[in-house]
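Peer 1: Kindly generate the corresponding structure for this input.
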Amino acid sequence: MFHKATRKIVKEIDPYGFTLIPAASPYYSDCYKPLNIIKKKKRAFFFMKDRYIPTSITVADILEDGKDLDFGLGSSSFSGYSASSQISVSGEVGAKAGVAANVQQELSFPGGTTIAFKVSKLRITRDNTLDVDWEHVVMSRQQVSSHERPKIPLTEINTMSKETSLLFLNTFLEILGNCDYLPVLDTMLDQICGSLQPDLQVLDRMEDENRACVEKLLDLLGIRKADPPGQPLTLTPRQNGIIKTVNIFIESLNELNPDVLILLANSVEMKIISIQMKLFEKIEENFFLSTEPRMEMKAIGEVQETEETMETLALQLSDKGFEITQRILEEFELHLMNKNGSISYEKDYGDRNVFFSIFAALSILSALDK
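Peer 2: As a prediction, the model looks like this:
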């Protein structure tokens, strides 16, 4: 809920996303302050945005006479970020964010909580002064586009027992139900992928239910919580393979609108993931493997009975399943319609990176849903 609210606020005050990055969790609020140093996380695939891992170190901590470092701060106020939401500029900030079944929930967090930040790469010059790397700032905003589908490592998941797969799947469903888990898991997985014991102090600031979900996933990954943070981990090749896949899953979810996470969870519960996977493969074949993007309204014609097409796959879905799938597809501007059993679609110039993020998440959920 927090990440969903901060995304909406940032979209209102920085609609093109050139300046501000929405904070994904209140747990690391103190680490996203002016002059704090954050770590850039290497992206698993080309379609993933840059991720920043918080640290407790500031620029003042690493400079001589850093305590005397001073800078100017500006402030501005705003009264709302959508027609149905209200916030205050002091004390507690409350924001209404919609959730599935058209229910409104109220989200409040203390005044002074960081809801967005911007990043600059600093360099120390030869005369021991600080300079901003403006080229880095520009390059970090550029999105890479590709026609090639990323290869998701599924070997270790495919060889899991049915019982183990179910444990992972149920834990992933909990994560899909609360996107506020994601930045905590993202940070911990970054440490684990570096073969280091993750810092679990943040768990002390989480509610019991949230903490239990994160601890459950760590147990499944074989991470012993009794070890001190930052210590080297000894992992088997199988553990490393599973951790790599889980990391890709979490990073893929981080690319998506929080509403899509709920839709993915609904898809698993309705047992329509396998149909959606085949549908996505057909969409990739029709739109994303083509050298030129298309924008058209088209009715899908008659085909041989033995051939699975977008039409035959879509018609296998119940009304509810079709609605869920329809809403997922709309995230990358593909509008699927069913009028009296006739399937048609309208494809706009959508973001192919969103398509690949959903495809990656679906691939991993499908492999677990045995």
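
Peer 1: CA only for contacts and neighbour counts going forward, please
Peer 2: OK.

Peer 1: pLDDT below threshold where in the stretch 51-200 of the chain?
Peer 2: By pLDDT under 70, the low-scoring segments of the stretch 51-200 of the chain are 64-100, 102-107, 130, 133-149.

Peer 1: rerun that using 80 as the cut-off
Peer 2: The stretch 51-200 of the chain contains residues with pLDDT under 80 at 51-54, 56, 59-112, 120-150, 179-181.

Peer 1: And the strands in it, which stretches?
Peer 2: Secondary structure of the stretch 51-200 of the chain by DSSP state E, counting those that start in this stretch: the strands cover 51-58, 93-99, 103-109, 116-117, 122-124, 130-132.

Peer 1: Now for Ile242, how many residues are close by?
Peer 2: Neighbours of Ile242 under the rule other CA atoms under 10 Å: 19.

Peer 1: And the residue lying closest to it once chain neighbours are set aside, how far from Thr234?
Peer 2: Of all residues not flanking Ile242 in the chain, Glu156 sits nearest, at 5.9 Å (CA to CA, 6 or more residues apart in numbering). According to CA to CA, to the nearest Å, Glu156 and Thr234 sit 18 Å apart.

Peer 1: Equivalent analysis for Glu207, please.
Peer 2: As judged by CA to CA, Glu207 and Thr234 stand 30 Å apart.

Peer 1: Compare neighbour counts for the two and give me the winner.
Peer 2: Higher neighbour count among Glu207 and Thr234: Thr234, with 12 against 9, using other CA under 10 Å.

Peer 1: other SSEs contacting the helix or strand hosting Ala367?
Peer 2: If you go by DSSP states H and E, Ala367 is part of helix 352-368. Applying 3 or more CA pairs under 8 Å, 6 or more residues apart in numbering; DSSP states H and E, we find helix 352-368 packed against helix 155-158, helix 162-176, helix 237-254, helix 273-283.

Peer 1: how distant is the shortest one from the center of its chain?
Peer 2: Helix 155-158 has its average C-alpha position 22 Å from the chain's average C-alpha position, going by CA atoms, centre = their mean, to the nearest Å.

Peer 1: Need the contact partners of it.
Peer 2: Residues from elsewhere that reach helix 155-158, judged by CA atoms under 8 Å, 6 or more residues apart in numbering: 165, 238, 241-242, 367-368.

Peer 1: Go again with 6 Å.
Peer 2: Ile242 (CA atoms under 6 Å, 6 or more residues apart in numbering).

Peer 1: mind saving the C-alpha coords of it as CSV?
Peer 2: C-alpha atoms of helix 155-158 as CSV (Å, rounded to 0.1, in the frame of the first residue of the first chain):
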residue,chain,number,x,y,z
THR,A,155,15.7,-25.8,-13.7
GLU,A,156,15.9,-25.9,-9.9
ILE,A,157,12.2,-25.0,-9.6
ASN,A,158,11.1,-27.6,-12.1
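
Peer 1: sorry, back to before: what's the angle between the helix holding Ala367 and helix 273-283?
Peer 2: Counting by axes from the mean of the first three to the mean of the last three CA atoms, to 10 degrees, helix 352-368 points 140 degrees away from the direction of helix 273-283.

Peer 1: Next, the angle helix 237-254 makes with helix 352-368.
Peer 2: 140 degrees.

Peer 1: could you give the angle of helix 352-368 to helix 162-176?
Peer 2: Orientation of helix 352-368 against helix 162-176 (the same axes, to 10 degrees) gives an angle of 140 degrees.

Peer 1: Distance from the chain centre to helix 352-368, please.
Peer 2: Relative to its chain's centre, helix 352-368 lies at 12 Å (CA atoms, centre = their mean).

Peer 1: Just the CA trace of that helix, in PDB.
Peer 2: C-alpha atoms of helix 352-368 as PDB (Å, rounded to 0.1, in the frame of the first residue of the first chain):
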ATOM      1  CA  ARG A 352       7.400  -4.000 -23.900                       C
ATOM      2  CA  ASN A 353       9.400  -3.900 -20.700                       C
ATOM      3  CA  VAL A 354       6.200  -4.200 -18.700                       C
ATOM      4  CA  PHE A 355       5.300  -7.200 -20.900                       C
ATOM      5  CA  PHE A 356       8.600  -8.900 -20.100                       C
ATOM      6  CA  SER A 357       8.200  -8.300 -16.400                       C
ATOM      7  CA  ILE A 358       4.800  -9.900 -16.400                       C
ATOM      8  CA  PHE A 359       6.000 -12.800 -18.600                       C
ATOM      9  CA  ALA A 360       8.900 -13.400 -16.100                       C
ATOM     10  CA  ALA A 361       6.600 -13.500 -13.100                       C
ATOM     11  CA  LEU A 362       4.100 -15.700 -14.900                       C
ATOM     12  CA  SER A 363       6.900 -18.200 -15.900                       C
ATOM     13  CA  ILE A 364       8.000 -18.600 -12.300                       C
ATOM     14  CA  LEU A 365       4.500 -18.900 -10.900                       C
ATOM     15  CA  SER A 366       3.600 -21.400 -13.700                       C
ATOM     16  CA  ALA A 367       6.600 -23.600 -12.900                       C
ATOM     17  CA  LEU A 368       5.600 -23.700  -9.200                       C
END
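
Peer 1: How about residues contacting it?
Peer 2: Around helix 352-368, the neighbours that count as contacts under CA under 6 Å, 6+ apart are 47, 165, 169, 249, 252, 273.

Peer 1: So for that helix, mean pLDDT?
Peer 2: Averaging pLDDT along helix 352-368 yields 92.

Peer 1: Tell me the buried residues in that helix?
Peer 2: For helix 352-368, the neighbour count (16 or more other CA atoms under 10 Å) marks 352-368 as buried.
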